[in-house]
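S.K.: Provided below for reference: sequence and predicted model.
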Amino acid sequence: MESLITFLGTHIEMVYVLILSILVGVEVISKVPTVLHTPLMSGANAIHGVVLIGAIVVMGSVSPDNTLAMILGFIAVVLGTLNVVGGFVVTDRMLEMFRSSDKRS
């Protein structure tokens, strides 16, 4: 517990940036009109793909004897993959609603 308090004390600026980015993100997302939801979701999926590649690279650089880091990295890769695939599935279903009924097959 002391190491956590020490880390937060030495990196308090990062904590402020994290809190402010969360608040700004919530405010921006709540103001998005419905028409822009599908393009924004597609862009977010592309960004999550980059994050997924970063997680794979970081997991590959961890020493093999660090089991906790390997487990957390594996969980991050699995959840990131589910997020990207699920986002593209939802985007495809949303775009399907805008196609005419004779083109659906």
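M.R.: Noted; the coordinates are in hand.

S.K.: for the rest of this, base every contact and every neighbour count on C-alpha atoms.
M.R.: Fine.

S.K.: and what about residue 72, helix, strand or coil?
M.R.: The three-state label given to residue 72 by DSSP: H, G, I helix; E, B strand; the rest coil is helix.

S.K.: near it, how many other residues are there?
M.R.: By other CA atoms under 10 Å, 13 other residues sit near residue 72.

S.K.: now whichever strand or helix holds residue 75: buried residues?
M.R.: Residue 75 is part of helix 67-96, with elements assigned from DSSP states H and E. Neighbour-count burial for helix 67-96 flags 70, 73, 76-77, 80-81, 83-84, 87-88, 91 (criterion: 16 or more other CA atoms under 10 Å).

S.K.: where does pLDDT dip in the chain?
M.R.: For the chain, the stretches with pLDDT under 70 are 38, 102-105.

S.K.: domains of the chain?
M.R.: According to automatic domain parsing, the chain comprises the domains 1-31, 34-105.

S.K.: looking at the ones you listed, which is buried most?
M.R.: domain 34-105 (a mean of 13; mean count of other CA atoms under 10 Å).

S.K.: how far away from the center of its chain is that domain?
M.R.: 7 Å (CA atoms, centre = their mean, to the nearest Å).

S.K.: start the count at 756, not 1, going forward
M.R.: Understood, numbering begins at 756; the last thing we discussed is domain 789-860.

S.K.: what strand or helix carries the residue most central in space within the chain?
M.R.: Closest to where the C-alpha atoms of the chain average out (CA atoms, centre = their mean) is residue 803, at 4.9 Å. Counting by DSSP H and E, the element that carries residue 803 is helix 792-815.

S.K.: so that helix versus helix 822-851, what angle?
M.R.: 160 degrees (axes from the mean of the first three to the mean of the last three CA atoms, to 10 degrees).

S.K.: tell me what helix 792-815 is packed against?
M.R.: helix 822-851 (3 or more CA pairs under 8 Å, 6 or more residues apart in numbering; DSSP states H and E).

S.K.: that'll do, ta.
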